[in-house]
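# Below are the sequence and a predicted model for it; my questions follow.
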Amino acid sequence: MQLPNMLIKGACSVPSLRQRIYARNLGLIRLNDDDVFLVSFPRSGRHWVSNILVGCLSASGVYLADDPPRVPSITSDKSIIDAKTNPRLILTHLPIYRYYPRSIVLIRDVRDVMISYFHLCVAMNKTRDTFSQFIRGRYASIFHGQHHDHYHRPFGWTWAEYYEELTVLDKEKFLLIRYEDLLVDPRASIQKILDFLAVDVAPHVIDASLRRSDIRVLRQKYKGTSTAKFYRVGKSKQWKTMLDDRDNTYLINRSGPILDHFGYLDD
């Protein structure tokens, strides 16, 4: 099947050139009933999980893009994806969950997402702000809805909007994986993903992939490349030491209901 034209037009109307391109690409792909989409808001562990899954799935029959093996995204060449046999795992940032056959959704506390994005922007010389200034300034709209302009809201949805549909979506259609749980017990979280994909992978293969995908290993592997920016420290609850009460309250006030729904206000 293909996604409805009205949906693609709607997704293409979001205030984001990048997401409009993603939506158009997705509209060209013919979806299969057993396709699974790996969906995440930026800075939520998608590259890390993809690395782990490549190691687990390489010999499983699940489609991986070739040379080097990787989980393909909706930005991949349409003809390559359409030519592959099922089942297919496809990466996307588009949170249109109800239209995917099934999806694996990664979520991370927005406060740590904000910290991660701040460090990325500092490393890329995109900001000289303090963290307090950063979350209230030109990039703030990415995370809590102050729509300054189209360019600085590149993902089209705030963090809370991105995950809101999951609160009412049929739980049979998606698997939610918390970044924080991945850090505590990566093997258990990856096993949940493999079970959701209905793929049998030997325990030693999973363990080997986890060792190769350790954040420290990946940092060293990609040192000096553009990919290195995706692997900074791989920690959770950084907000407890980096955010003062004022900044914490500021972010909670803008994402509180969704933070609460997914258990992030229990700490």
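Nice, thanks for sending it over.
# Please make it C-alpha for all contacts and neighbour counts, starting now.
Fine.
# who touches the strand or helix carrying Val39?
If you go by DSSP states H and E, Val39 is part of strand 36-40. Residues lying outside strand 36-40 but in contact with it, judged by Cα atoms under 8 Å, 6 or more residues apart in numbering, are 46, 87-95, 100-107, 197.
# Could you pick out the buried ones from those residues?
46, 87-95, 100-107, 197 (16 or more other Cα atoms under 10 Å).
# Now, those that are in strands?
Leu89, Ile90, Leu91, Thr92, Arg102, Ser103, Ile104, Val105, Leu106, Ile107 (DSSP state E).
# Show me the beta-bridge partners of the first one.
Leu89 has the following beta-bridge partners by DSSP bridges: Val36.
# so it makes contact with Ile81?
No. The criterion here is Cα atoms under 8 Å, and Leu89 misses it with Ile81 at 9.9 Å.
# Next, show the common contact partners of those two.
Contacts common to Leu89 and Ile81, judged by Cα under 8 Å, 6+ apart, are Pro72.
# Using PDB, list the CA coordinates for stretch 171-181.
This file holds the C-alpha atoms of stretch 171-181, laid out as PDB (Å, rounded to 0.1, in the frame of the first residue of the first chain):
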ATOM      1  CA  LYS A 171      -0.600  -0.600  21.600                       C
ATOM      2  CA  GLU A 172      -0.500  -3.500  19.200                       C
ATOM      3  CA  LYS A 173       0.800  -1.100  16.500                       C
ATOM      4  CA  PHE A 174       3.900   0.000  18.200                       C
ATOM      5  CA  LEU A 175       6.700  -0.800  20.700                       C
ATOM      6  CA  LEU A 176       7.900   2.000  22.900                       C
ATOM      7  CA  ILE A 177      11.600   1.800  24.000                       C
ATOM      8  CA  ARG A 178      12.800   4.300  26.500                       C
ATOM      9  CA  TYR A 179      16.400   5.500  26.000                       C
ATOM     10  CA  GLU A 180      16.900   5.300  29.800                       C
ATOM     11  CA  ASP A 181      15.900   1.600  29.900                       C
END
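# Now that stretch: buried residues?
Result for stretch 171-181 [16+ other Cα under 10 Å]: buried residues Lys173, Phe174, Leu175, Leu176, Ile177, Arg178, Tyr179, Glu180.
# Please name the bridge partners of the closest residue to the third one other than its chain neighbours.
It refers to Leu175. Of all residues not flanking Leu175 in the chain, Ile104 sits nearest, at 4.7 Å (Cα to Cα, 6 or more residues apart in numbering). Beta-bridge pairing for Ile104 (DSSP bridges): Leu38, Leu175.
# residues in contact with Ile104?
Contacts of Ile104 by Cα under 8 Å, 6+ apart are Val36, Phe37, Leu38, Val39, Phe174, Leu175, Leu176, Ile177, Ile193.
# Could you check how far the fifth one is from Gly256?
Going back to what we said before, that points to Phe174. Look at Phe174 and Gly256: by Cα to Cα, to the nearest Å, they are 22 Å apart.
# my guess is Asp33 is in a strand, correct?
No. Counting by DSSP: H, G, I helix; E, B strand; the rest coil, Asp33 falls outside a strand, being coil.
# Assess the claim that it and Leu89 are in contact.
No. Asp33 is beyond contact range of Leu89, at 11.8 Å (criterion: Cα under 8 Å).
# which residue packs closest to the most centrally placed residue in the chain, ignoring adjacent ones?
In the chain, the C-alpha nearest the mean C-alpha coordinate belongs to Ser40, at 2.2 Å (Cα atoms, centre = their mean). Spatial nearest neighbour of Ser40, chain neighbours left out: Leu106 (4.9 Å); criterion: Cα to Cα, 6+ apart.
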